[in-house]
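In: sequence first, predicted model second:
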Amino acid sequence: MVMSLALAARSVEILCGISLIIQSLEFLNLREALGSRGVWTYAIARDDLAHASRPIQSLFAFLAREDIWLVHLVLRLLAALVLVIDGASLPLVGFLFAGTLVILIRWRGAFNGGSDFMTIVVLSGLLIAMLVGVSGDPELGWRAGLIYIAIHAASSYFISGGIKLLNPEWRSGEALALFLDGGIYGPLSRLSLYWLRPVSAVCSWAFIMWECLVPLAFLDPDLAVVYCAMAGVFHGLVFWYFGLNRFVFAWLASFPAIIYVAGQLN
């Protein structure tokens, strides 16, 4: 399956927009906890900017105000809807990119770990596409943006697999059992098969090999489709067992780029 540039670009726009909609709705649902009397009040993070210039401190204090935070989230939600319905533009992507950076700084780097990383990667790819497109070559811009997204998405799997491979607890299966024991359905029953070292080791090695072999996805576009389908199942399982719903669409938004690049390399 060779994915056209137009289809890959539109797919990334739609999936990224859906991911941002989910994130924005989640933040809107957490407004009380993020308020001045909430457990995640901005006062906790304010000291992180103690060495920044006074204008920077004032800017982030202003953006953290409850009314301004609400306006930002509503505008972010509307911008994400426009991205889904009408596609990307430089002002739109620029706003979403800048707003996401503000949110990441508000959360001292990340609110939901890897999904935040992948969100900024996809937005960076869209921003590259828009900036190069302004120079008069939209096709080149989209190619550059999709290649950027594909490289970072693939490297995220490869690095994750490499870290597990170097970790004896992951190689033995011990780490997987402990993670599942602390998941949504944890603690695991003492009779759970995951406590059996051969079972957990086989599952661990399946994840390790799948992540480490991600470069093979670029050998053939059909392999890329299969790999992305497996990745979708993987992220679905992560959502099911750990409640990490953001991961699903954050990484789904990168899959069209992987498939497109695999087609261009063959």
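Out: Okay, I see it.
In: hey, which helix or strand in the protein has the poorest pLDDT?
Out: Taking mean pLDDT, DSSP states H and E as the measure, the helix or strand of the chain with the lowest value is helix 42-46, at a mean of 77.
In: keeping just the C-alphas, turn that helix into CSV.
Out: In CSV, the C-alpha atoms belonging to helix 42-46 read as follows (Å, rounded to 0.1, in the frame of the first residue of the first chain):
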residue,chain,number,x,y,z
TYR,A,42,0.2,27.4,39.2
ALA,A,43,1.8,28.6,42.4
ILE,A,44,3.5,25.2,42.7
ALA,A,45,5.3,25.6,39.4
ARG,A,46,5.9,29.3,39.6
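In: next one: that helix to chain centre, how far?
Out: 25 Å (C-alpha atoms, centre = their mean, to the nearest Å).
In: do stretch 185-205 as well
Out: On C-alpha atoms, centre = their mean, the centre of stretch 185-205 falls 27 Å from that of its chain.
In: go through it and flag the buried ones.
Out: 188, 192, 194, 195, 200, 201, 203, 204, 205 (16 or more other C-beta atoms under 10 Å). For every residue, glycine as well, the C-beta is placed using N, CA and C.
In: who touches the residue of the chain most remote from its centre in this structure?
Out: Distance from the C-alpha centroid of the chain peaks at residue 191, with 34.6 Å (C-alpha atoms, centre = their mean). Not one residue lies near residue 191 by C-beta atoms under 8 Å, 6 or more residues apart in numbering.
In: helix or strand for it, which one?
Out: Following DSSP states H and E, one finds residue 191 outside all helices and strands.
In: how about residue 121?
Out: Going by DSSP H and E, residue 121 is part of helix 114-134.
In: what's in contact with that helix?
Out: 9, 12-13, 16, 19-20, 23, 88-90, 93-94, 96-97, 100-101, 104, 107, 110, 138, 140-142, 144-146, 148-149, 152-153, 156, 244, 246-247, 250-251, 253-254, 257.
In: just the residues you listed: which are in helices?
Out: Among those, the members found in helices (DSSP state H) are 9, 12-13, 16, 19-20, 23, 90, 93-94, 96-97, 100-101, 104, 138, 140-142, 144-146, 148-149, 152-153, 156, 246-247, 250-251, 257.
In: just the buried residues out of the residues you listed, in ChimeraX syntax.
Out: Typed into ChimeraX, the line below selects the buried ones among the ones in helices among the contacts of helix 114-134, using 16+ other C-beta under 10 Å:
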select :9,12,13,16,19,20,23,93,96,97,100,104,141,142,144,145,146,148,149,152,153,156,246,247,250,251,257
